[in-house]
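# Need a 3D model of the sequence below.
(one chain, ligands or ions: 2)
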Amino acid sequence: MKEALHVALLGYGTVGKGVYETIKQHQGRLQKLLGKEVKVVAVLVKNISKHKLSDRSVILTDQYKDIINIQKLDVVIDAIVGIEPAYSFLQQAINRGCHVITANKEMFAHHSKDLHALAKEKGVTVGFEATVAGGIPIIQTLKRLLNANKVQKIEGILNGTSNFILTKMREEKLLFTDALSLAQDLGYAEADPTNDIDGHDAFFKAVILSEVLFGEQPDWGKAVRVGISTIKSEDIAYFQSLGLRFKHVASLQRTNKTVVCTVRPVLVSEAHPLYQVEDVQNAINIEADIVGNISLQGPGAGMFPTASAIIEDIIHIDDKEYGPCFEEESSISESAEQLWIAYGENALLGLPESAEVIKKIADYTWLVKGDSNDNAKFDIRYYQLLGNADSVKAVEKVH
Ligand SMILES: NC(=O)C1=CN([C@@H]2O[C@H](COP(=O)(O)OP(=O)(O)OC[C@H]3O[C@@H](n4cnc5c(N)ncnc54)[C@H](OP(=O)(O)O)[C@@H]3O)[C@@H](O)[C@H]2O)C=CC1
Ligand SMILES: N[C@@H](CC=O)C(=O)O
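Residues are numbered from 1 along each chain as shown. Ligands and ions are numbered 1, 2, ... in the order given. Sure, this is the predicted structure:
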């Protein structure tokens with residue numbers, strides 16, 4: 001058998017532990033696939049007194065120099081938190097000729113271009129399947145399966161914590177704070193959960209998808225990013241009575257000028273595929289020109305789904321890199337008019353001039369047609385509607 005693949009793990013929290021355990025438990029399968037043993041040789045943590053490894057031959061350290069100076073090292077896996085020191089650690093790893101794999105979307109959304117360029121120069125690869133949608137193999141699918149297609153639009157639930165909280169608030173009537181605590185206990189939430197509930201995490205994932213699909217990022221300053229923290233329990237119950245569910249949806253569309261990115265809560269009717277996507281599940285709908293529509297759904301966060309994505313990257317570590325699927329100029333026009341639900345006593349004040357009120361649904365709720373790019377005038381009381389407007393129930397009495 002060939003010499004083992006020597007792996008160092010940065011971080012031993014939810015994701016790091018999941019990767020460590022999965023490599024141990026599925027060693028036989030990995031050996032068959034790679035033709036060699038996958039050996040974790042070292043683990044980096046912040047607070048060493050909190051941790052103990054079952055295998056005493058594995059180096060446990062809080063000093064990166066102990067990792068980067070290991071003589072035989074093939075792969076460095078980043079499962080730590082934040083932009084720095086993760087970015088510098090991976091730069092050093094690539095510079096010494098290691099492949100790198102990351103789950104750290106915040107760091108990768110900021111530095112993917114630099115890391116890819118450096119890796120190309122040094123002849124190593126960068127795996128980042130775990131940065132988007134947890135266990136769903138979305139990056140592999142886009143990079144390897146959709147090369148012949150031009151992806152026109154992508155829309156999905158990309159934050160497991162937000163979807164989990166919205167589901168628990170609706171189904172079990174949990175308070176926002178209790179649902180968030182549960183998501184933290186289950187290892188779904190980020191170390192700083194404001195990244196989840198204010199939409200940053202889903203935005204970082206959308207940025208990474210945009211790079212893969214279009215070879216460029218959306219303009220961070222122009223993107224719409226709204227989280228779920230302002231959604232009230234009463235609003236969730238009210239819209240449920242109209243047959244609608246809140247979902248936190250990220251959408252990316254390449255127009256002939258730019259990449260339009262929105263990340264925000266929307267209302268979804270039963271006819272739409274995202275309506276049934278519940279708990280920690282993520283889902284992504286891809287509109288491509290040859291194949292048509294494809295939907296992928298799966299667990300969007302948690303120990304083993306994320307470990308699965310990282311293990312997939314280990315298996316493909318020697319594969320050649322693929323370029324963006326969509327390098328040439330697009331002929332797709334600006335996004336079309338969309339349907340919105342305007343809600344609240346003064347909901348109709350401040351509607352864009354072009355907006356057309358189609359139907360009164362209830363005392364303080366209207367169905368409105370308009371252009372989502374006129375976002376300045378929309379505040380959080382206007383929700384985009386996904387799915388069939390005819391299925392929205394009209395209720396007699398509101399509040
Ligand atoms: N949880 C999930 O479902 C998913 C998480 N991710 C991403 O994976 C990464 C890890 O997430 P998760 O495992 O949940 O986070 P945790 O908070 O559970 O674990 C983070 C680990 O990183 C270590 N760490 C943090 N900062 C440093 C540092 N500066 N130097 C050395 N070690 C450090 C911590 O050490 P110590 O234990 O000593 O504090 C801890 O072991 C994040 O970037 C996250 O965004 C991606 C997909 C899903
Ligand atoms: N906090 C993230 C973890 C996975 O990326 C989420 O909830 O989606």
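# Every contact and neighbour count from this point should use C-alpha atoms.
Will do.
# What values do phi and psi take at Val76?
Phi and psi for Val76, reported as degrees, to the nearest 10, are phi -120, psi 120.
# likewise Asp235?
phi -70, psi -40.
# Distance check, His99 against Asp319.
As judged by Cα to Cα, to the nearest Å, His99 and Asp319 stand 11 Å apart.
# what does the protein put close to ligand 2?
With Cα under 6 Å from any ligand atom as the criterion, the chain meets ligand 2 at residues 133-134, 159-161, 188-190, 196, 300-301.
# just those residues now: which is nearest ligand 1?
Ala301 (3.5 Å; Cα to the nearest ligand atom).
# just checking, the closest one touches Tyr188?
Yes: if you go by Cα atoms under 8 Å, Ala301 and Tyr188 touch, sitting 5.2 Å apart.
# Please identify every residue contacting each of the two.
With contacts taken as Cα atoms under 8 Å, 6 or more residues apart in numbering, Ala301 and Tyr188 have 160-161, 280 as neighbours in common.
# ok, and the most crowded of the residues you listed?
Highest neighbour count within these: Thr161, with 30 neighbours (other Cα atoms under 10 Å).
# Look up phi and psi at that one.
phi -60, psi -50.
# so it makes contact with Gly187?
No: Thr161 is beyond contact range of Gly187, at 9.3 Å (criterion: Cα under 8 Å).
# quick one: common contacting residues for the two?
Jointly contacting Thr161 and Gly187 under the rule Cα under 8 Å, 6+ apart are Ala301.
# Give me the neighbour count for Gly127.
The number of residues packed near Gly127 is 24, by other Cα under 10 Å.
# ok, it touching Ile311?
No: in this structure, Gly127 is not within contact of Ile311 by Cα under 8 Å, at 9.9 Å.
# quick one on the thing from earlier: between the residues of the chain next to ligand 2, which is closest to Ile59?
Ile59 has its nearest neighbour among the residues of the chain next to ligand 2 in Glu190, at 26.1 Å by Cα to Cα.
# Look up the pLDDT of Gly323 for me, please.
With respect to pLDDT, Gly323 scores 51.
# how near is Gln152 to ligand 1?
Relative to ligand 1, Gln152 is positioned 26 Å away (Cα to the nearest ligand atom, to the nearest Å).
# Residues in a beta bridge with Ile154, which ones?
Residues in a beta bridge with Ile154, per DSSP bridges, are Leu252, Ile286.
# quick one on the thing from earlier: compile the shared contacts of Ala301 and Tyr188 into a markdown table and extend it with columns for pLDDT.
Listed next are the shared contacts of Ala301 and Tyr188 as a markdown table, based on pLDDT from 0 to 100:
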| residue | pLDDT |
| --- | --- |
| Gly160 | 98 |
| Thr161 | 98 |
| Val280 | 98 |
